[in-house]
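Asker: build me a model from this:
(chains A and B)
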Amino acid sequence: MTGATPPLTDAVRAPRGALAQLRALRVQALRWGGDHGLGSAWVRWALAVAALAALPLLSTDDQVLTYADLFLIYAIAVMGLNLQHGLAGVINLGAGAFLGMGAYAAATVSHHLHWPMPLPVLAAMVVAPLFAVVIGGPALLLSRVHFAMISLYAALLVPVVVEQSSRLTGGIDGLTDLEPLEIAGYRPVGAGLYGVLAAFVLIAYVVSARIARGPWGRAFVAVKEDSVSAAAVGISVQAAKLRAVTLGAVYGVLAGALLVHAWPGNCPSGYAGATCVIAPGYFAFDLSVLLVAAVVIGGPGARLGPLVAAALLVILRWYFDTQNAPAGDWQTVIYGALLIVWTVALPQGLAGVGQLFALPAQRAPERPRGPVVLPPRARPGFAIAAQSVRVAFVGAVVLDGVDFAVEPGQVHAIVGPNGSGKTTLLNCITGMVRPAQGQVVIDGRPCAAVAAHRAHRRARMGLGRTFQTPRVQPQLTVLQNVMQGLFEEARRLRGRSEAGLRQRALGMLTAVGLESVAELPAARLAHGERRLLEVARALVGEPGAVLLDEPAAGLDAGELARLRELLGACRAWGVATVLVEHDLDLVQQVADQVTVLDQGRVVARGTPEAVRSDPAVARAFMGPKR
Amino acid sequence: MTPLLRVEALDVALGGVPVIEGASLTVERGELIALLGRNGAGKTTVLRAIAGAQRVAGGSVLLDGVEIAGRPAHRVAAAGCVLVLEGHRVFQHQSVETNLRLGAYHASSGEVERRLDEQLGRFTVLAARRRVLAGQLSGGEQQLLAVAQGLMAAPRLLLLDEPSIGLDAGVVGWLFATLDELRGQGVGLLVAEQSVDQVLSVADRAYVLQSGRMVAHRAAIELRGDSILRDAYLGSASAS
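Answerer: Residues are numbered from 1 along each chain as shown, chains lettered A, B, ... in the order given. Reported below is the predicted structural model:
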């Protein structure tokens, strides 16, 4: 320790300002709660259930109960939209369309086929994925904007289609003789109905929380944050988005069916023995606006925020309804205005208010590090090769008949001046660029076939990679980023042994020397650290071969030493390693073979010593270009 | 004479947690200053705070004697202080030439042409590919484009974050020679860099950051082989 650097004492790091004081208070409160057993999941669950149960006890007023029921039904729809919008980043402007389709699916089954309750509701949920595929399938292949546009059209179109198909749906008059919800002969009314709806909400909440925590939840977030690196760990971007839309559609359809068949406001002639009605106007555009508003105001991706926001919006609607104001028009204006003000003031929604009081994660103190240890691997590494690969972009030939191969347990470095085609060669091998000629062979299997050229498929074959400009998922913690690298395994395990996967991710973080920042959001990392994070993500899934694009660029001396040791460990680990690198000293120290590229051609190949003395190499690096 | 840049007791906090504490430094006209330190020490944060891309919690940033702390980034840039970030942040779907023109956003059209000719004359690799979309350049070429784009603003003070990333050894040498030439023209340069030997071979002075504090300030020649560098990089902090 030099005299110039005093140790970081608590006094120096003490929070300043009023907000910081509040944060400190909150941390104390949380600590107190933790010490006294309030932090456990059971206590929180008990509180939530008690809060839900308290409402009908507080007021026996039918009107209060009616709006409480409405909140519960909206809560289901909002959770579904939150899976799409909050987790997967799929912007759905027409959530109301899914409610409408669900409601009409259930209503037509009930009206025309006379299926007993609750079969019509279940039938609607079964066909929900069909709605998702019809609306989402083609649009999701394109981009986020396309899905937003198509969903917007859907919201506007569903009422029109319903009006036009009057034989099926009753047209503009709707259907008036619908069976109310009944479960095993029990027709819930009043507080009983509230209880049934609350049970639906709890089940929906548990399911969506499980999804969010599990491998698919991580995949959704990966797709939202950075789809290129998502594909690189084996996530099919389109499949993940379609899955999120489908799940959201099931929630929306359930909410729609309940709105029509269970909501007291919709079964007008009292409760017992009543029939329910449906009309296209129920699913007009303002319903979609309300649902989007709830998610945005509550905080996309947050678990509780959107539900709280939904409650606030329902209270707002109650106020309008009881004021006899021209609610329909004004409500939309108010939701819109709220949406604008809110997104500007609080981009993370109500959930962001909570975060203001949370202490941001900090770097843990670093401990002295042991040697790099890679966990024992279950599968052996495999060889990869590129054979006479040729790539041309708009006329310019980037790779011209390049052959390249690496065996398991070998480090093969690719060097060459800027623009010589190194990254393009990596992109060919990982399936991000399709060669015009030649083929890539992975683990003895030629991958020229169309089906195998996509990046996520290659990743699933056991190909790990890092990127020249580090691609991490900034909002996720460092540990969560590494967990993404275990997607393939987590998917196979279907959410089991998540704790074990977490341990493996932590182990890999220790191997690359990032364990002290595991809980920090990746956005807070310096770029050298991001590179090491990428390396950890690429290695954690035990790839057969790994391709590293300039892993040493921007590393400081300590990190560079760690990387050097790690590359040595990779060789012993039996993974085939491709190393694109400008740091020729590092290449000299760790590579078994070096390939020198210049202007898309291989100009030299051999051991580092042999290549260094090759005159063609000197020409490539110091050539007439400069 | 007032220095070109004087940073005095700069504090930066992320979400209430201080990450830069009391950092001070100066850059004179025609001086190349190295900003060194481990990754995570806060080098990028200091550069971003000077350029107005990061909110400052305390202290002052004087550009030519004028307080710029708290000014938005575009106004700091218009005042002649330009930051070139790492990770080749160029407009991927625009041509090389358009990217360069955008760099001189505040200049008159005649001046833009003059500067365009100047930079294309300097960066011949870019001149050969001026109609190509930036996204189709290799990573190293994009890095050069980012630097050239910064120079199009004709800055008085150029802040560079890891300019050597992704460049082959020959180009790195050439780039530092170019920075040396800019210094000769009176531009002040503040360079955060991990290629310590490379940057110390051209820098006048160097500052060393460790865990958000300036722990050393020396002439570049003195700093080479100094134990403080080894401490700052290899983490003597772990002993505390």
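
Asker: SS state for the closest residue to chain B within the stretch 301-450 of chain A?
Answerer: Residue nearest to chain B within the stretch 301-450 of chain A: A:Asn418 (3.0 Å; C-beta to the nearest C-beta). Where C-beta positions appear, they are placed from N, C-alpha and C, glycine not excepted. Under DSSP: H, G, I helix; E, B strand; the rest coil, A:Asn418 falls in the coil class.

Asker: doesn't B:Arg129 make contact with it?
Answerer: No - counting by C-beta atoms under 8 Å, A:Asn418 does not reach B:Arg129; the two are 11.6 Å apart.

Asker: could you tell me which residues touch both of the two?
Answerer: Counting by C-beta atoms under 8 Å, 6 or more residues apart in numbering or on different chains, the common neighbours of A:Asn418 and B:Arg129 are B:Glu141.

Asker: for A:Tyr205, give me its contacts.
Answerer: Counted by C-beta under 8 Å, 6+ apart, A:Tyr205 has contacts A:79, A:303.

Asker: okay, the helix or strand hosting it in PDB with CA atoms only?
Answerer: Using DSSP states H and E, the element containing A:Tyr205 is helix A:190-213. What follows is helix A:190-213, C-alpha atoms only, in PDB (Å, rounded to 0.1, in the frame of the first residue of the first chain):
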ATOM      1  CA  GLY A 190     -70.400 -12.000  -4.500                       C
ATOM      2  CA  ALA A 191     -67.500 -12.700  -2.200                       C
ATOM      3  CA  GLY A 192     -67.200 -16.200  -3.500                       C
ATOM      4  CA  LEU A 193     -66.600 -14.900  -7.000                       C
ATOM      5  CA  TYR A 194     -64.000 -12.500  -5.700                       C
ATOM      6  CA  GLY A 195     -62.300 -15.500  -4.000                       C
ATOM      7  CA  VAL A 196     -62.300 -17.600  -7.200                       C
ATOM      8  CA  LEU A 197     -60.900 -14.700  -9.200                       C
ATOM      9  CA  ALA A 198     -58.300 -14.000  -6.500                       C
ATOM     10  CA  ALA A 199     -57.300 -17.700  -6.800                       C
ATOM     11  CA  PHE A 200     -56.900 -17.300 -10.600                       C
ATOM     12  CA  VAL A 201     -54.700 -14.300 -10.000                       C
ATOM     13  CA  LEU A 202     -52.500 -16.100  -7.500                       C
ATOM     14  CA  ILE A 203     -52.100 -19.100  -9.800                       C
ATOM     15  CA  ALA A 204     -51.300 -16.800 -12.700                       C
ATOM     16  CA  TYR A 205     -48.800 -14.900 -10.500                       C
ATOM     17  CA  VAL A 206     -47.000 -18.000  -9.400                       C
ATOM     18  CA  VAL A 207     -46.800 -19.300 -13.000                       C
ATOM     19  CA  SER A 208     -45.500 -16.100 -14.400                       C
ATOM     20  CA  ALA A 209     -42.900 -15.700 -11.500                       C
ATOM     21  CA  ARG A 210     -41.700 -19.200 -12.200                       C
ATOM     22  CA  ILE A 211     -41.400 -18.500 -15.900                       C
ATOM     23  CA  ALA A 212     -39.500 -15.200 -15.100                       C
ATOM     24  CA  ARG A 213     -37.000 -16.900 -12.800                       C
END
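
Asker: burial check on residue 28, number of neighbours?
Answerer: Answering for chain A, as no chain was given. A:Gln28 is flanked by 10 other residues according to other C-beta atoms under 10 Å in any protein chain shown.

Asker: correction: the question concerned chain B.
Answerer: 16.

Asker: skipping its backbone neighbours, what lies nearest it in space?
Answerer: Distance criterion C-beta to C-beta, 6 or more residues apart in numbering or on different chains; nearest residue to B:Glu28, sequence neighbours excluded, is B:Pro3 at 5.2 Å.

Asker: contacting residues around A:Pro116?
Answerer: For A:Pro116, the contact set (C-beta under 8 Å, 6+ apart) comprises A:179, A:182.

Asker: checking it next. Helix, strand or coil?
Answerer: The three-state label for A:Pro116, taken from three-state DSSP, comes out as coil.

Asker: any idea how far it lies from A:Ala103?
Answerer: Going from A:Pro116 to A:Ala103 by C-beta to C-beta, to the nearest Å gives 18 Å.

Asker: same deal with A:Val512?
Answerer: From A:Val512 across to A:Ala103, the span is 52 Å (C-beta to C-beta).

Asker: comparing the two, which shows the higher neighbour count?
Answerer: The neighbour comparison of A:Val512 against A:Ala103 (other C-beta under 10 Å) goes to A:Ala103, with 30 against 24.

Asker: my read: the more buried one touches A:Ile278, true?
Answerer: Yes - if you go by C-beta under 8 Å, A:Ala103 and A:Ile278 touch, sitting 5.9 Å apart.

Asker: shared neighbours of the two, which are they?
Answerer: Common contacts of A:Ala103 and A:Ile278, defined by C-beta under 8 Å, 6+ apart, comprise A:Val260.

Asker: what about stretch B:150-158, average pLDDT?
Answerer: For stretch B:150-158, the mean pLDDT works out to 93.

Asker: just the terminal-to-terminal distance for that stretch.
Answerer: Start-to-end span of stretch B:150-158 (C-alpha to C-alpha, to the nearest Å) is 8 Å.

Asker: can you point out the buried residues in that stretch?
Answerer: Residues of stretch B:150-158 classed as buried under the neighbour-count rule (16 or more other C-beta atoms under 10 Å in any protein chain shown) are B:150-158.

Asker: can you count the residues close to the closest residue in space to A:Gly416 that isn't next to it in sequence?
Answerer: Distance criterion C-beta to C-beta, 6+ apart; nearest residue to A:Gly416, sequence neighbours excluded, is A:Leu597 at 3.7 Å. Using other C-beta under 10 Å, A:Leu597 has 25 other residues around it.

Asker: and the residue of chain B nearest chain A?
Answerer: Relative to chain A, the nearest point of chain B is B:Gly140 (3.0 Å; C-beta to the nearest C-beta).

Asker: doesn't A:Gly419 make contact with that residue?
Answerer: Yes - contact criterion C-beta under 8 Å: B:Gly140 and A:Gly419 qualify, at 6.7 Å.

Asker: and A:Leu579, how many residues sit next to it?
Answerer: By other C-beta under 10 Å, the residues close to A:Leu579 number 26.

Asker: go on, A:Val411?
Answerer: A:Val411: 23 neighbours (other C-beta under 10 Å).

Asker: ok, it - contacts?
Answerer: Contacts of A:Val411 by C-beta under 8 Å, 6+ apart are A:567, A:570-571, A:577, A:579, A:590-593.

Asker: could you redo the last one with a cut-off of 6 Å?
Answerer: A:567, A:571, A:577, A:579, A:590-592 (C-beta atoms under 6 Å, 6 or more residues apart in numbering or on different chains).

Asker: from the residues you listed, which land in strands?
Answerer: Among these, the residues falling in strands (DSSP state E) are A:577, A:579.

Asker: and the two most separated of the buried residues of stretch B:150-158?
Answerer: The span of these, defined through C-beta to C-beta, is set by B:Met152 and B:Leu157 at 14.9 Å.

Asker: the closest residue in space to B:Val208 that isn't next to it in sequence: neighbour count?
Answerer: Leaving aside its chain neighbours, B:Val208 sits nearest to B:Ala216 (4.1 Å; criterion: C-beta to C-beta, 6+ apart). The tally of other residues near B:Ala216 (other C-beta under 10 Å) stands at 21.
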